[in-house]
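Asks: mind looking at a prediction? Sequence and model below.
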Amino acid sequence: MTDSKYFTTTKKGEIFELKAELNSDKKEKKKEAVKKVIASMTVGKDVSALFPDVVNCMQTDNLELKKLVYLYLMNYAKSQPDMAIMAVNTFVKDCEDPNPLIRALAVRTMGCIRVDKITEYLCEPLRKCLKDEDPYVRKTAAVCVAKLHDINAQLVEDQGFLDTLKDLISDSNPMVVANAVAALSEIAESHPSSNLLDLNPQSINKLLTALNECTEWGQIFILDCLANYTPKDDREAQSICERVTPRLSHANSAVVLSAVKVLMKFMEMLSKDLDYYGTLLKKLAPPLVTLLSAEPELQYVALRNINLIVQKRPEILKHEMKVFFVKYNDPIYVKLEKLDIMIRLASQANIAQVLAELKEYATEVDVDFVRKAVRAIGRCAIKVEQSAERCVSTLLDLIQTKVNYVVQEAIVVIKDIFRKYPNKYESVIATLCENLDSLDEPEARAAMIWIVGEYAERIDNADELLESFLEGFHDESTQVQLQLLTAIVKLFLKKPTETQELVQQVLSLATQDSDNPDLRDRGYIYWRLLSTDPVAAKEVVLAEKPLISEETDLIEPTLLDELICYIGTLASVYHKPPSAFVEGGRGVVHKSLPPRTASSESTESPETAPAGAPPGEQPDVIPAQGDLLGDLLNLDLGPPVSGPPLATTSVQMGAVDLLGGGLDSLIGGPNFAAPPAAAVPASLGAPIGSGLSDLFDLTSGVGTLSGSYVAPKAVWLPAMKAKGLEISGTFTRQVGSISMDLQLTNKALQVMTDFAIQFNRNSFGLAPAAPLQVHAPLSPNQTVEISLPLNTVGSVMKMEPLNNLQVAVKNNIDVFYFSTLYPLHILFVEDGKMDRQMFLATWKDIPNENEAQFQIRDCPLNAEAVSSKLQSSNIFTIAKRNVEGQDMLYQSLKLTNGIWVLAELRIQPGNPSFTLSLKCRAPEVSQHVYQAYETILKN
């Protein structure tokens, strides 16, 4: 016998053996072989070579074997599209199998095979299954439509599957309804503009009927869908709330949170005087409390959601303080979150309990937790005035423990207590000074320095204490250096004779020996103030400080309203809107709470005012540094300045800027006066040396008198959110100057006066160029139109979206906040026409990845009309060519901050769709420039 038998054995490897077994006549052997294939596939081996053999096994009545083969198909169809077509016939056959399980299995697998070639073969079987007599098949087919839409949206629309899905909302089986809603919601998410889920009272009624009989995940889909509906009046809102309330007692926490979301949203529309409103508040507390008995991870999610709910409606959980007390075995993330909510719920009624609890926490072993507990005691003192004394004595007890980090946190919060209650607890300063040497953290050192500087006249050896800090000035953190500089200047202004050397020493350290620009600038400002006008220096540095409020970390109201619409999702855990963390092409829709209906307009109940503030009177808030609205709250709340608007620009904007004219006036010497920003039209800032040709070119530069497109006024601040003040407005640009055209309407019962306005920092530095002039008091039911000139020399901070503008308006009643989106074309300047050579060079110079393409549809204009329409909004055509029957317009525009945008617009005569290509060094601008093109051309 020869050795050849070794080469003819089956040892050609595992694949060969499996191939033989798959083609075996024995059913059991086949099934075993397919199981082995799936096992290999699962651990990552490549078994795609067996594709034809596995597909042959599809022709079987055995459900288990079929499932295994389908699993294999889903995995390998993408890498073997040509082979996958072999399986189509079997799918079509299986979709007509008498067994509904097999029909559903075939449809489910078809949806998971993401191969373009196959999708069109699946339409017929899918259409049959959507109308199948078995609900299990119909519910599977509904989800398959969403999957197919993800692969080929156009095909799904052409085949009319979306209409069939909408019909399934009226299906008799609740699970089919739930899956249809889930599929439509999924499709609508990727196409925010399409009105797929056209909800009306009839369809809402069907959804509420299905809600009671669905599985838990079906209920979540339906509740999420209900949350996107806006009832037509408060009666409809109440009836929906009544039918959703039973879901609060569901065992699944996701169902509970979805139900809470619907109720929180619709409660906006209910009058607070209704008995039902009170009942609903009582019903909302127990389910939220129950969520806290789950495992820690779920507790954390529940607590993050409760944090939002307590900020919106503290009255829901005001009697439930005890459930938020920390247990010894809670993980740290749960402890910190509970602590936060405890402070939000603290009031005069429960403060004794809370303080006893917090004092207990301050002796724990977990450092982070102890720090937060000590801070919490300080926040309670600021929030509930009656408890301040007890809080201060508690903090002093903690300082006596001499535990380093406890002492440091206590000093930081006592500084805030001094700011809230001036001239009340200063007797404790001596105790604080005893602990000076033990402070090693920047925040605690800065707080202690602030206290010494602020109360220098009460501390005999204040100069020695500050001098001891000055010895290691360069080793301190910036925060401490800045605080030390200010404290020594305060000390000098209070005791000038004894501290002259000290102040000179710190000023030279800050200006000559430091490389930190913030510190240097502050040093120069003080130096200039002290040398030119000591009286003014005293007024600036020792000015009366506004009282601080406890609620420094409240979420800004419009963001809070948006987050309430996202309860039970990731946004509610991050406390950020989805647009802040969802990337990709999916359109993220901004949601907001429904407006209150006329019948439910009622005065705010005293319940909702923060504890510690008299009812109806909100405290002034100084937010944390990270708060976006922080800068708005430096609003100059004095009476409106009368006088010529242009001359007061620098003063008005300088409410926060010590120098008024910025650092230019510093450099220019004491008599230097910066020209008011608004007095110079933006267009005159054009480069003068741009050649004689531009002088005579009336189409560019200041010559264009026809202004750019102005959008109709929209309501920016509804009366119900601003105690009766309604603000509508729009933006205009005329001959180089931008203005905000406002319409103020008084819908309250009292006269409104003392109007002022301020913008937050924004992407392009937009700021009012003059005060808001409302010459006469605004009587009830009166409307006044005002044009507010704007400039672009304000502070800059990148916003999301880029053209977002946050505004604060103040009158004699309160300060109100709103945000609006300004059209980018108001920032297109008059000298935006680029030279041809320059255009060519710049286009080549900007990298290709910065190019963005857009389609402008339904625009029946020809090239000449397009060109002149765009030119009136400062988009200039530099050259026009005709290539293969297409008109190509090459255009340029320039934004107020100097960014150039170059455009190529392709127009096919007779075709109302244009192609717009934009190139820019700051590609994030492109989307907004495209929107400006759309707006200008279609209006």
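Replies: Ah, there it is.
Asks: excluding residues flanking it in the chain, which one is nearest the residue positioned nearest the centre of the chain?
Replies: Nearest to the mean C-alpha position of the chain, counting by CA atoms, centre = their mean, stands Pro577 at 3.9 Å. Spatial nearest neighbour of Pro577, chain neighbours left out: Glu562 (5.3 Å); criterion: CB to CB, 6 or more residues apart in numbering. Where C-beta positions appear, they are placed from N, C-alpha and C, glycine not excepted.
Asks: what helix or strand is Phe816 on?
Replies: According to DSSP states H and E, Phe816 maps onto strand 815-821.
Asks: follow-up on the earlier one: my read: the residue nearest to Pro577 touches Ser579, true?
Replies: No: using CB atoms under 8 Å, Glu562 is not in contact with Ser579, being 9.5 Å away.
Asks: more neighbours: those two, which one.
Replies: Taking other CB atoms under 10 Å, Glu562 and Ser579 do not tie; Glu562 has more neighbours (20 against 15).
Asks: quick one: contacts for the more buried one?
Replies: By CB atoms under 8 Å, 6 or more residues apart in numbering, Glu562 lies in contact with 577, 590-592.
Asks: ok so, going back, same for the strand holding Phe816, what does it pack against?
Replies: helix 557-564, strand 714-717, strand 725-734, strand 804-810 (3 or more CB pairs under 8 Å, 6 or more residues apart in numbering; DSSP states H and E).
Asks: which positions within it qualify as buried?
Replies: Neighbour-count burial for strand 815-821 flags 815-820 (criterion: 16 or more other CB atoms under 10 Å).
Asks: could you dump those to a markdown table with distance to Asp158 and pLDDT?
Replies: Shown next, in a markdown table, are the buried residues of strand 815-821 (distance: CB to CB, whole Å; pLDDT from 0 to 100):
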| residue | distance to Asp158 | pLDDT |
| --- | --- | --- |
| Val815 | 54 | 90 |
| Phe816 | 49 | 90 |
| Tyr817 | 47 | 90 |
| Phe818 | 43 | 91 |
| Ser819 | 40 | 91 |
| Thr820 | 39 | 94 |
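Asks: could those residues go into TSV alongside distance to Leu485?
Replies: Output for these, formatted as TSV (distance: CB to CB, whole Å):
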residue	distance to Leu485
Val815	31
Phe816	36
Tyr817	33
Phe818	37
Ser819	35
Thr820	39
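Asks: and of those residues, the nearest to Asp330?
Replies: Tyr817 (35.7 Å; CB to CB).
Asks: please name the nearest non-neighbouring residue to that closest one.
Replies: The shortest distance from Tyr817 to any non-neighbouring residue, by CB to CB, 6+ apart, is to Ala808 (5.3 Å).
Asks: my guess is the one you found contacts Pro768. True?
Replies: No: assessed by CB under 8 Å, Ala808 is found out of contact with Pro768, at 11.0 Å.
Asks: settle it for me: which of those two has more neighbours?
Replies: Shown here are Ala808 and Pro768; by other CB under 10 Å, Pro768 has more neighbours (23 against 19).
Asks: got phi/psi on the more buried one?
Replies: Backbone torsions for Pro768, taken as degrees, to the nearest 10, come to phi -70, psi 140.
Asks: what is the burial count for Glu320?
Replies: Under the neighbour criterion other CB under 10 Å, Glu320 is assigned a count of 17.
Asks: residues in contact with stretch 87-104?
Replies: Outside stretch 87-104, the residues that touch it by CB under 8 Å, 6+ apart are 55, 58-59, 63, 66, 73, 77, 105-107, 109-110, 118, 121-122, 124-125, 128-129, 132, 134, 136-137, 140-141.
Asks: ranges for the helices of the stretch 651-800 of the chain?
Replies: With DSSP state H, counting those that start in this stretch as the definition, the stretch 651-800 of the chain shows helices at residue ranges 663-667, 692-696.
Asks: hey, least reliable of those helices by pLDDT?
Replies: Lowest mean pLDDT of the helices of the stretch 651-800 of the chain: helix 692-696, a mean of 31.
Asks: least confident of the helices and strands packed on strand 815-821, on average?
Replies: Looking at these, the lowest mean pLDDT belongs to helix 557-564 (a mean of 88).
Asks: got the contact list for the residue nearest to the centre of the chain?
Replies: Counted by CB under 8 Å, 6+ apart, Pro577 has contacts 559, 562-563, 566, 571, 588, 590.
Asks: which residues do Ala808 and Pro768 both contact?
Replies: In contact with both Ala808 and Pro768: 757-759, using CB under 8 Å, 6+ apart.
Asks: looking at these, which is nearest Val412?
Replies: Among the shared contacts of Ala808 and Pro768, Gln758 lies closest to Val412 (CB to CB), at 29.2 Å.
Asks: the closest one against Pro768, yeah?
Replies: Yes: applying CB under 8 Å, one finds Gln758 in contact with Pro768, separated by 7.2 Å.
Asks: residue contacts, the closest residue in space to Leu298 that isn't next to it in sequence?
Replies: Using CB to CB, 6+ apart and skipping the chain neighbours, the partner closest in space to Leu298 is Ser253 (5.8 Å). Shown in contact with Ser253 (CB under 8 Å, 6+ apart): 291, 294, 298, 301-302.
Asks: Ile429 sits in which helix or strand?
Replies: helix 429-434.
Asks: and that helix, what's buried?
Replies: 429, 432.
Asks: how about residues contacting it?
Replies: 396, 399, 411, 414, 448, 451-452, 455, 458-459, 465.
Asks: please repeat the previous calculation with a cut-off of 10 Å.
Replies: By CB atoms under 10 Å, 6 or more residues apart in numbering, the surrounding residues in contact with helix 429-434 are 395-396, 399-400, 407, 410-411, 414-415, 418, 439, 447-448, 451-452, 454-455, 458-459, 461-462, 465.
Asks: next one, pLDDT for Ala932 please.
Replies: For Ala932, the model assigns a pLDDT of 91.
Asks: distance check, the residue nearest to it when sequence neighbours are not counted against Pro100.
Replies: Nearest residue to Ala932, sequence neighbours excluded (CB to CB, 6+ apart): His825, at 4.1 Å. Using CB to CB, to the nearest Å, His825 is found at 58 Å from Pro100.
Asks: for Asp463, same thing?
Replies: Applying CB to CB, the value for Asp463 to Pro100 is 90 Å.
Asks: check Phe755 too.
Replies: Phe755 is 69 Å from Pro100, by CB to CB.
Asks: those two: who's more crowded?
Replies: Phe755 (22 against 17).
Asks: surely the more buried one is in contact with Asn812?
Replies: Yes: Phe755 is in contact with Asn812 according to CB atoms under 10 Å; the separation is 8.6 Å.
Asks: can you give me the domain boundaries for this structure?
Replies: Following the TED database, one finds the domains of the chain at 346-439, 441-532, 714-822, 827-938.
Asks: mean confidence for the second one?
Replies: Right, the one you point to is domain 441-532. For domain 441-532, mean pLDDT rounds to 88.
Asks: tell me the phi and psi of Ile169?
Replies: Dihedral pair for Ile169: phi -60, psi -20, per degrees, to the nearest 10.
Asks: repeat that for Asn329.
Replies: phi -100, psi 10.
Asks: let me see the contact set for it.
Replies: Listed by CB under 10 Å, 6+ apart, the contact set of Asn329 reads Pro296.
Asks: can you tell me how far it is from Val710?
Replies: 63 Å.
Asks: now Asp521
Replies: With distances taken as CB to CB, Asp521 is found 40 Å from Val710.
Asks: burial count for Leu257?
Replies: Counted with other CB under 10 Å, Leu257 comes out at 23.
Asks: start at 599 instead
Replies: Sure, I'll start counting at 599 from here, so that last one is Leu855.
Asks: so it is in which element?
Replies: Going by DSSP H and E, Leu855 is part of helix 851-865.
Asks: average pLDDT for whichever helix or strand comes after that helix, rounded please.
Replies: Proceeding N to C from helix 851-865, the next assigned helix or strand is helix 873-889, under DSSP H and E. Here helix 873-889 scores 89 as its mean pLDDT.
Asks: off-centre distance for helix 873-889?
Replies: Helix 873-889 has its C-alpha centroid displaced from the chain centroid by 28 Å (CA atoms, centre = their mean, to the nearest Å).
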